[in-house]
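J.: quick one: sequence and predicted model below, then my questions.
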Amino acid sequence: MTSSGPRDSSSAATDRPVVSIGKVTHRYGRTVALDGISLDIPRGLMVGIIGPDGVGKSTLMALVAGSKKLQQGRMTVLDGDIADLQHRRRVCPQIAYMPQGLGKNLYLELSVRDNVDFMARLFGLPSAERSTRVRELLEATGLGPFPDRPAGKLSGGMKQKVGLCGALVHEPDLLVLDEPTTGVDPLSRRQFWTLIDDIRAGRPGMSVVISTSYMDEAQRWDWIVAMDAGRVLATGTPAELMKKTGTSDLEQCFIALLPEEKRRGHKALTIPPRASGQTEIAIDAKGLTRRFGNFTAVDHVTLSIERGEIFGFLGSNGCGKSTTMKMLTGLLPPTEGSATLFGQSVEAGSLEVRKNLGYMTQAFSLYGELTVRQNLVLDARLYHIPPEKAKRRIEELIEKFGLGPHLDSLAEELPMGLRQRLSLAVAVLHEPEMLILDEPTSGVDPVARDSFWELLIDLSRRQGVTIFVTTHFMNEGMRCDRISLMNAGKVLACDAPRALIETRGAANLEEAFIGCMEDAIAEENSGRESEAKGATNATAGVAATAPPAPSRPAGFRLRLGRLLAYSNNETMQILRDPVRLAFAFLGSALLMLVFGFGITTDIQNIRFASLDLDRSPASRAYIEQFAGSTPYFISGPPLGSSEEAMGKLQSDEISLVIEIPPDFGRNLRRGSRPEVMAQVDGAMTFRGETVAQYVQGVHNTLLQDPANGLQTGARKYRANFQERFMYNPTFESVYSMVPSVPALLLVLIPAILMTVSIVREKELGSIINFYVTPTGRLEYLLGKQLPYIVIGMLNFFILVVISLVVFGVPIKGSFLMLTLCTLLYVTATTGIGMVTSTFTSSQVAAVFVTAIVTIIPTIQFSGLLQPVSTLEGNARLVGLIWPTTYYMHSSVGAYTKGIGAALMIQDLVFLVCCIPVLWAVSLIGLRKQEK
Amino acid sequence: MTSLLNIFWLGIKEIRSLLSDWVMVLFVAYAFTLAIYVQATGTSSEVNNASIAFVDEDGSALSKELTNAFYPPRFQTPRTIAAGEVDDAMDQGRFMFVVVIPPLLEKDLRAGRQPDIQVNIDATAMQQAGIGANYIKNIINDRISSILSRTDTPATGPINLVIRKMFNPNGISSWFISVVAIINQITLLTVVLCGAAVIREREHGTLEHLLVMPLTPFEIALAKVWANSVVILLATGVSLLLIVHMALKVLFAGSVSLWFFGVVLYLFFATALGIFLGTISRSMAQFALLIILVILSLMLLSGGNTPVESQPEWLQYITFFLPSRHFVSFSQVIIYRGGGIEAVWPQFLMVSAIGLGFFAYSLAIFRKSIAATK
């Protein structure tokens, strides 16, 4: 490995520390992440912060970068208080931050170039300079050949390089890298460090702060901070620390630095040799291949593993390790090749083989919401271990794995090391002959890792269990009987670890691995220059010709540039996300149809039948009047008895029975007011009420109509009524629904899309770009809003076309004015989405909360079903401040009332007033730092 | 046998997981109690507090009386406006109804003529407009005849029409709305619970863990189905007892157990839909977006909001394949009309046929997606 070596202290710009921390404490709820840390980080050096997962490294890094809000204590970064907004604004262009997680702050749908370009825009690089700078950086990091590949389709190492390009685009003085190489293959890791060294050579004053849980990596850095449980254990150069503890490598050194109670019981791991003479083959894989589409994840892997062997599988994230394991366990059928376990074929679905298998997945895969005991008992039951035996076995495991004190705690509340032990306990519960472990120790501290390995060795040596384990820790690879090195779906080499190192003549396993990888790449690209080499050369070039500090546009243009950068970014993201894109456009069209047809108040085609107990001309004339009232009534076959009538009403075959009593005709002639009974199905209240009204109406017409011979003269003192159904002369509900539905859809869909776009960034982590760049809150919000306003307007035009073509409802009033109202309305509704995004933190919650918040007032209080003028009390108040009320008025007005521009002015004025209020609320709710 | 045991224990696990998610438990509790109560009592299709204005061109004692015939709660206290204001007032949506009383109304009536009264109706307010207009006509005619003939008995015709509203004699809309609300909640929550259970298990990696055990995808899916169904059935039972029966006092005309049998049949479909959506969406966020589209369509086209026969004919052929439509239909038959199995077997058959068919399909998709998990 190329080491830059400790720097001459005179080359550092000044003696003042780059970061000075005083009594900083940080809590998440009741958990203390940082516990009163005080620390001075020297300037101009490569500083490593080491410690296992969960000791507070990431929190410290985020605080230094200004991405998290300081809770307690004092922190000076680049000669100013980082808690001070003014100072943060000033120095944030000088700080670059790469958060933990592969490509966490990248936009996975965006291409490599777009990602880097976006960061450059946020830092206000002028466009001419930007494109050359981006190209240079991509060339320098070896990403030059694939600027158009989406970031989501890159390997872990390449994602980290893109992240680094984004961080370096504005030439920072302080580079904060949080676990940049976790999960990255050794070759990419080495390239990454070479890159950092070259950049430092070009910018000698730059300070780099890196956190890592790979202790061996930190060995060559200038200065080390060892952390555990939110405290600093020790600081100094690696040599000093190792000398102090009398150890030869940093991992041992770290263990020695741990407080006494943590180290208790820890002893150097010894691996007894395997008893020879066992030759039974446990796993036999021949030419295993798996393709996903045209991507080959695993390429002809052939393995043969003996019973009782510990077999290690080394490789980076995404090299095909997990896919190989899934094929071995029968989770995934191979595209080609075959695998057998103890001579039996593992086809997907073969239950017998699985009973012999214990499996532990990469992530913690037990039920976090169940207790330790419940997890164990569930598995005992699913493997059908008899209850007595299960009880004994569980007690034995609890004893051996030291789970006793935690039996009734929820699995998700256990510390990482204990969780892994619980996972292992569950995996071996049914005494399998074979264990398959997928990265069982990532994120576990070195002491817990050693005790985990003790258990594995015991299982292998004393119980003859075959163990197949993947890892990316080289020192764990050294503990295996044999290992295979995997990269890009291929097994590069397979042998005992020592033998591998010897055959390659390398100093350690990592070098041996890198050697194998370089050979493989050279073989593949024979003729083309090795990517790694090209990268290194180009970097040197860039560093030497690093341009002077670019002149940056100031003030308004700068702000507008950042705003447009966000708009542009958002547009590209949504164009590449099929689900959101479909929701944005097909969703509104689909719902328009569903609402238009689904909510109708037209009651027609009422099925009715008559029960005529008179059978006189008069009774027939009466019934005839109903049968003739199409389209309201449809006559069914006459009924014979009231039981039949009841039966048909019950089964919903008919909705109305007209029962004419015996002697109806005679009584009518005698003027003794015979009674006609109409039985209306009232189960559905609105429909029942309407049918009753129709019946009354038909009855009244009948009495007035001289033609049927039933009338006994016009009644006295009656007025006639002229009904003017205004705006909807035929009184069909499409004319009322179709203009109202857009008002509902244009709040629902834009608000949900808007809120998802912001909350998604919070959930996936790319919002960090907003925290650590000079982007203002208003720029961020407006930039994100712009594309959704455009989508809202496109939706509006789609809905206008649907209402015209499908429903035949044209716009009678001023289209121009309605378009203007719509523009204001979607600006307001996306604003509602912004407001809901300020208090929701997961996308699911955001979708549901926004749906409820927008649908309820829109349906209940804005005049969709009930006119606003009939509302009372609070309902009326909500109706009066909810923007939909005003848009509904102008939309219904423009469609059906044909009202002109003048009457829409007040709606317009109200909508205009809504917008700044919503912006203000969102601005207040949006934080510029993580809590 | 071992398979049944697996399904049983996995289901118990599923219920435990659900119970530990208190947000979800609260949501289910809220959805089946308060939400239904609020929906049933809050919205109403009845005419209530309708805004009305009069244009009185007669100015007689009779026309004054007619104005006074309208009062809360059904109507707001009428305003009197000038004839020229009618169109503007209606355009602005200030009134739903404007009644124009012509000059010489009283005189014409006393002379035995039938003068014309104009009723302007804002027909964009569909639900209230038609029924409200009829109320207005009846109230005015009753008032005219009682004042002019100086009697309180309403005018009678030669035939006495008696309209009986069956199954809900007083036309209380909360009876209908509460049951539709329960139906909608059953659809929504079953799909959400089942789909979320699938996605959660996949996102947390526990699905893989189950799959390497001697379990089949069929057992895993069936465990989710029965566990979530039991939770929903329980919630439905509680809701029916506490809210529908005790708080809203809806009479349950038919057999409760028959209805629950129907619900069980419907749950096959709803759980299958949950598994289907949970399988095809890549993340919870996508699932949430899909749910909105699917559930709204299922609810609005089921006939619970507006009668199925009001849909265009071609649409009725499509909605025939929605189990929610048959669910609404047999619920009405059993709950209000007191129909027995002989009245609802066709709907039961349809729900089980579609439900089981879709269930088989979802299961196949579920298996396939497991095979394709990267």
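T.: Done, it's in.
J.: other SSEs contacting the helix or strand hosting B:Ala29?
T.: Assigned by DSSP states H and E, B:Ala29 falls within helix B:22-32. Judged by 3 or more CB pairs under 8 Å, 6 or more residues apart in numbering or on different chains; DSSP states H and E, the packing partners of helix B:22-32 are helix B:2-20, helix B:173-203, helix B:217-239. Using the backbone N, CA and C atoms, a C-beta is placed for each residue, glycine as well.
J.: quick one: is the last one near chain A?
T.: No. Counting by CB under 8 Å from any CB of the partner chain, chain A is not contacted by helix B:217-239; separation bottoms out at 8.8 Å.
J.: C-alpha coordinates for that helix, CSV please?
T.: C-alpha atoms of helix B:217-239 as CSV (Å, rounded to 0.1, in the frame of the first residue of the first chain):
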residue,chain,number,x,y,z
PRO,B,217,-44.2,-20.2,0.5
PHE,B,218,-47.7,-21.5,0.7
GLU,B,219,-47.5,-22.0,4.5
ILE,B,220,-45.9,-18.5,5.0
ALA,B,221,-48.6,-16.8,3.0
LEU,B,222,-51.5,-18.8,4.6
ALA,B,223,-50.2,-17.9,8.0
LYS,B,224,-50.4,-14.2,7.1
VAL,B,225,-53.8,-14.7,5.7
TRP,B,226,-55.3,-16.4,8.8
ALA,B,227,-53.6,-14.2,11.3
ASN,B,228,-54.6,-10.9,9.7
SER,B,229,-58.1,-12.2,9.0
VAL,B,230,-58.6,-13.1,12.7
VAL,B,231,-57.5,-9.6,13.7
ILE,B,232,-59.9,-8.0,11.2
LEU,B,233,-62.8,-10.3,12.1
LEU,B,234,-62.3,-9.4,15.7
ALA,B,235,-62.2,-5.7,15.0
THR,B,236,-65.3,-6.0,12.8
GLY,B,237,-67.1,-7.9,15.6
VAL,B,238,-66.2,-5.3,18.2
SER,B,239,-67.2,-2.5,15.8
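J.: what angle do that helix and helix B:173-203 make?
T.: Angle, helix B:217-239 to helix B:173-203, by axes from the mean of the first three to the mean of the last three CA atoms, to 10 degrees: 150 degrees.
J.: next secondary structure after helix B:217-239?
T.: For helix B:217-239, the succeeding helix or strand toward the C-terminus, using DSSP H and E, is helix B:256-280.
J.: show me what counts as buried in that following helix.
T.: By neighbour count on 16 or more other CB atoms under 10 Å in any protein chain shown, the buried set for helix B:256-280 is B:258-259, B:262-263, B:265-280.
J.: alpha carbons of the helix or strand following that helix, as PDB, please.
T.: Going down the chain from helix B:256-280, the next helix or strand is helix B:284-300, by DSSP H and E. The C-alpha trace of helix B:284-300 is given here as PDB (Å, rounded to 0.1, in the frame of the first residue of the first chain):
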ATOM      1  CA  MET B 284     -43.400   0.700   1.400                       C
ATOM      2  CA  ALA B 285     -43.600   4.000  -0.400                       C
ATOM      3  CA  GLN B 286     -44.600   2.500  -3.600                       C
ATOM      4  CA  PHE B 287     -47.000   0.300  -1.800                       C
ATOM      5  CA  ALA B 288     -48.600   3.400  -0.200                       C
ATOM      6  CA  LEU B 289     -49.100   5.100  -3.600                       C
ATOM      7  CA  LEU B 290     -50.600   1.900  -5.100                       C
ATOM      8  CA  ILE B 291     -53.000   1.500  -2.200                       C
ATOM      9  CA  ILE B 292     -54.500   4.900  -2.800                       C
ATOM     10  CA  LEU B 293     -55.300   4.100  -6.400                       C
ATOM     11  CA  VAL B 294     -56.600   0.600  -5.800                       C
ATOM     12  CA  ILE B 295     -58.600   1.200  -2.600                       C
ATOM     13  CA  LEU B 296     -60.300   4.300  -3.900                       C
ATOM     14  CA  SER B 297     -61.400   2.400  -7.000                       C
ATOM     15  CA  LEU B 298     -62.600  -0.600  -5.000                       C
ATOM     16  CA  MET B 299     -64.600   1.600  -2.600                       C
ATOM     17  CA  LEU B 300     -66.200   4.100  -5.000                       C
END
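J.: anything in the following helix or strand past helix B:284-300 near chain A?
T.: Next helix or strand after helix B:284-300 toward the C-terminus (DSSP H and E): helix B:313-319. Yes. Helix B:313-319 reaches chain A (CB under 8 Å from any CB) through B:Leu315.
J.: what's the average pLDDT for the next helix or strand after helix B:313-319?
T.: The helix or strand immediately downstream of helix B:313-319 is helix B:323-335, counting by DSSP H and E. The average of the pLDDT scores along helix B:323-335 is 90.
J.: burial of B:Met96, as a residue count?
T.: When neighbours are counted by other CB atoms under 10 Å in any protein chain shown, B:Met96 registers 28.
J.: A:Leu908 now?
T.: Neighbours around A:Leu908, by other CB under 10 Å: 18.
J.: now it, nearest residue through space, not along the chain?
T.: Computed as CB to CB, 6 or more residues apart in numbering or on different chains, the closest residue to A:Leu908 that is not its neighbour in sequence is A:Cys821, at 5.9 Å.
J.: one step back: check which residues of the helix or strand following the helix holding B:Ala29 are buried.
T.: Moving toward the C-terminus from helix B:22-32, the next helix or strand (DSSP H and E) is helix B:34-42. Across helix B:34-42, burial judged by 16+ other CB under 10 Å covers B:Ala35, B:Ile36, B:Tyr37, B:Gln39, B:Ala40.
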